[in-house]
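> return a 3D structure for these sequence lines:
(chains A and B)
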2 protein chains.
Amino acid sequence: MTADPSPVGARFERCFQGLAAVGRTGRGGYRRLAWTEADVRARAWFAREAAARGLAVETDGNGNQWAWWGDPTAGGAVATGSHLDTVVDGGAFDGALGVVSGLVAVETLAREGFEPHRPVAVVAFADEEGARFGVPTFGSRLLTGALRPADVLDRPDAAGVRLGDAMAAAGLDPAGLGADPGRLARLAAFVELHVEQGRGLAGTPDAVAVATGIWPHGRWRLSLTGRADHAGTTAMPDRRDPTASLPTAISSAHRHATAGGGVATVGRIEVDPGTTNTIPFRVRAWLDARAPDAGRLDALLARWDADVRGDAAGRGLVTDVVCESRSAAVTFDADLCAVLDTVLGRGERAAPHLATAAGHDAGALAAAVPSAMLFVRNPTGVSHSPREHADRDDCVAGVLALRAVLAELAGPPRA
Amino acid sequence: MTADPSPVGARFERCFQGLAAVGRTGRGGYRRLAWTEADVRARAWFAREAAARGLAVETDGNGNQWAWWGDPTAGGAVATGSHLDTVVDGGAFDGALGVVSGLVAVETLAREGFEPHRPVAVVAFADEEGARFGVPTFGSRLLTGALRPADVLDRPDAAGVRLGDAMAAAGLDPAGLGADPGRLARLAAFVELHVEQGRGLAGTPDAVAVATGIWPHGRWRLSLTGRADHAGTTAMPDRRDPTASLPTAISSAHRHATAGGGVATVGRIEVDPGTTNTIPFRVRAWLDARAPDAGRLDALLARWDADVRGDAAGRGLVTDVVCESRSAAVTFDADLCAVLDTVLGRGERAAPHLATAAGHDAGALAAAVPSAMLFVRNPTGVSHSPREHADRDDCVAGVLALRAVLAELAGPPRA
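Just a heads-up that it's a prediction; the model follows:
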């Protein structure tokens, strides 16, 4: 690593603040949802920053942006990057840190006179969060073929706008969506740097960790249907109030997740018609569940499903559960992780290892390209929130780690 | 009552179907929310129907429409009516039945050659449901002074439109809002006919009942504030997830209502930011609670409040409960109810008596004018729903009952 980190720190700060000005909300958070005006501005920012570093920018058919150092067609390329979109009222680091760190790491290598022996790319994947259309890791999963265009094009956002129309309005042709094996074949490795989203590094001496894998996780939509009635005049025993089963739907998910060492969140609830003086005819609740392995995730879901159906049936409600998405467990590439271990372990200690329960583009890419991740310390663990944070020193440590990894992967072959 | 009800039935059908064409939704329900385009069309319908019957129509400063048979300024007037607005996806009868029955009863008396000894008015009160701005019995409570204009003018609807702006857009000057004691002083009695909203008359021989009073009721807004976090990476014990206290908020309300012979509904829930993969920072839930008397309503609220605060405090959440509205118990005017009893009891049986847990304009008017209500049988008791229903024969029985009441109240003084 460089003896004097301050130029890297200044480069990081300038680049990070440029992106941090895009899509900021009044509450100090960020709202860069896919294909919105804020997302379009973030994409323009990426193209400008890449061009300013002499990188050639292209957008693939799935809306992912690639900034190339070297010949994109040469093959054997090393890619790094993450995403620019955020959740609703998300933080400044999730996704952004990986893209900014990639650009600054490449710039630093270039200023140091490093000459890559293979192409290097910084990538910004489209719609990683899925906060608008409910399709997370959109760009990376379309790229690998894990998502089919026909299954996503007609998905509506909360305002009823079709995904395909939203893309087109943002200047992307939805006809270009789909698997791109040729592009993937030209990649030898993908390394995503990301702010940690737990407290695995908090209070430790390490600012950067190597990811071991991603928990299996998914989203399920529960619909409870009862009967609309007057909130004043319908006696309690005569009701078929779907909110009456919501306590079980929430508590059961939390209880089984806790028991199995997983996590469960009911972060979205919609009540129809949703007026104070009407007993609703329908409640929908979305369950996000994750567990250390598929068996425990299956068990969580099966127990939750049985609890909810049993409770709802006793109240005369109709229950429907739909799996909106499910991602299998990801174990990152062992050889690539060994390289990260070696590079990060050149200091006094071996680099720490962490698993995560968050989905990432690297998890999607792992199906097609040797992939790995670096996590940068998050002192509170808070994520998907305006209060998400990483110290500047830790961010710079992340850039330097990524720079060392790229130098190793794109440098001259070892004897 | 008339020997041949069929002309009344035909008049009722024609008038009822005219209104039933306004604001109908695809699901067979109605959406005539205050000051919307559908509400404006319903108001135009009322003005046309009144004019067609030779009644003089005026709109008071609170947006209530009055159709006069006789001199509005003479004093000692007898008024009947209800409201034209609906809840979201409401039924065809709530409010509408009272207005239509009033118009048809007056038309029938006029065709029969009845000459009123005092003015008779059919009134359509503004925004009885409060479905858009959360202010039920808006027009009638402003009229009596129970609501102050300053407390309602800035209330936003779900889209952020101010109540005052919505009124103005509908052609009403919000500067005219407020108590109108002079108008109230010219009323001797108000009788509201309404579809029953429970099953008190279902299965009995009676199509029409006399209301005894209205339960005390209110609306409370619960806010549970926690901390936004990533749904995947935040361990269950590290969360401050406000949805975790929603089960208690719902179950406790239902349990205490059932125990106290009251009713409780959590018909509106809002989760912020409301995305599947983010632990919410806030949940808001609106409680509608009603009980046979104030003591039992107070007890329900106190127990619910204590349960929710206790549960939320244990989870590190901040709890806030705001009373958005509360209506005291109403006992209808004894003398007026006695007249209704006498008129309805001219058949073989005394008229049945019913209390109700629903708020009504008659409940608001009762503070200033001798008021009473008639309920028309609802075979299923379903209300605030597209499935709300009353049989045509029962509707006609309601018109005839109202006609007889108006004839008694506006007829020549008894010797």
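> A:D39 reaches A:L33, doesn't it?
Yes. A:D39 is in contact with A:L33 according to Cβ atoms under 8 Å; the separation is 6.4 Å. The C-beta positions use only the backbone N, C-alpha and C, and glycine is treated the same way.
> joint contacts of those two?
A:D85 (Cβ atoms under 8 Å, 6 or more residues apart in numbering or on different chains).
> chain B contacts on the stretch 301-415 of chain A?
Selection of the stretch 301-415 of chain A residues close to chain B by Cβ under 8 Å from any Cβ of the partner chain yields A:E324, A:T356, A:A357, A:A358, A:G359, A:G381, A:V382, A:S383, A:H384, A:S385, A:P386, A:R387.
> swap that for the stretch 101-250 of chain A, please
A:129-131, A:134, A:136, A:196-199, A:215, A:217, A:219, A:227-238, A:241, A:243-244, A:246-248, A:250.
> kindly recompute the last result at 10 Å.
A:129-132, A:134, A:136, A:158, A:196-200, A:214-215, A:217, A:219-221, A:227-239, A:241, A:243-250 (Cβ under 10 Å from any Cβ of the partner chain).
> now the residues you listed: which count as buried?
The neighbour-count test (16 or more other Cβ atoms under 10 Å in any protein chain shown) marks A:129-132, A:134, A:136, A:196-200, A:214-215, A:217, A:219-221, A:227-236, A:238-239, A:241, A:243-250 as buried among these.
> filter the residues of the stretch 101-250 of chain A next to chain B down to the ones in helices?
Counting by DSSP state H, the part of those found in helices is A:L246, A:P247, A:T248, A:A249, A:I250.
> okay, the first one: pLDDT?
Right, A:L246. For A:L246, the model assigns a pLDDT of 98.
> helices along the stretch 201-350 of chain A, start to end?
Using DSSP state H, counting those that start in this stretch, the helices of the stretch 201-350 of chain A run over residues A:246-259, A:294-314, A:334-344.
> would you turn those helices into a markdown table with distance to A:M167?
Below are those laid out as a markdown table (distance: least, Cβ to Cβ, whole Å):
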| stretch | distance to A:M167 |
| --- | --- |
| helix A:246-259 | 33 |
| helix A:294-314 | 31 |
| helix A:334-344 | 32 |
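> and among those, the most buried is which?
helix A:246-259 (a mean of 22; mean count of other Cβ atoms under 10 Å in any protein chain shown).
> quick one on the thing from earlier: want to throw the ones in helices among the residues of the stretch 101-250 of chain A next to chain B into CSV with distance to A:V369?
Listed next are those as CSV, based on distance: Cβ to Cβ, whole Å:
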residue, distance to A:V369
A:L246, 42
A:P247, 45
A:T248, 43
A:A249, 39
A:I250, 39
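> strands along the stretch 1-150 of chain A, start to end?
Per DSSP state E, counting those that start in this stretch, the stretch 1-150 of chain A carries strands over the ranges A:56-59, A:65-69, A:77-83, A:120-125.
> what strands flank the first one, and is each parallel or antiparallel?
Within its sheet, and counting by DSSP bridges, strand A:56-59 is paired with strand A:65-69 (antiparallel).
> check the offset of the partner strand from the chain's centre.
Remark: strand A:65-69 is offset 20 Å from the chain centroid, using Cα atoms, centre = their mean, to the nearest Å.
> how big is the angle separating it from strand A:120-125?
Here the directions of strand A:65-69 and strand A:120-125 differ by 170 degrees (axes from the mean of the first three to the mean of the last three Cα atoms, to 10 degrees).
> measure how strand A:65-69 sits relative to strand A:77-83, angle-wise.
Going by the same axes, to 10 degrees, strand A:65-69 makes 140 degrees with strand A:77-83.
> average model confidence for strand A:65-69?
Here the average pLDDT along strand A:65-69 is 98.
> hmm, back to that, and of the helices of the stretch 201-350 of chain A, who's closest to B:L103?
Ranking the helices of the stretch 201-350 of chain A by proximity to B:L103 (Cβ to Cβ) places helix A:246-259 first, at 42.7 Å.
> which strands and helices lie in contact with that closest one?
strand A:217-225, strand A:263-272, strand A:282-290, helix A:294-314, helix B:246-259 (3 or more Cβ pairs under 10 Å, 6 or more residues apart in numbering or on different chains; DSSP states H and E).
> direction included, what does the second one pair against?
Partner strands and pairing direction for strand A:263-272 (DSSP bridges) are strand A:282-290 (antiparallel).
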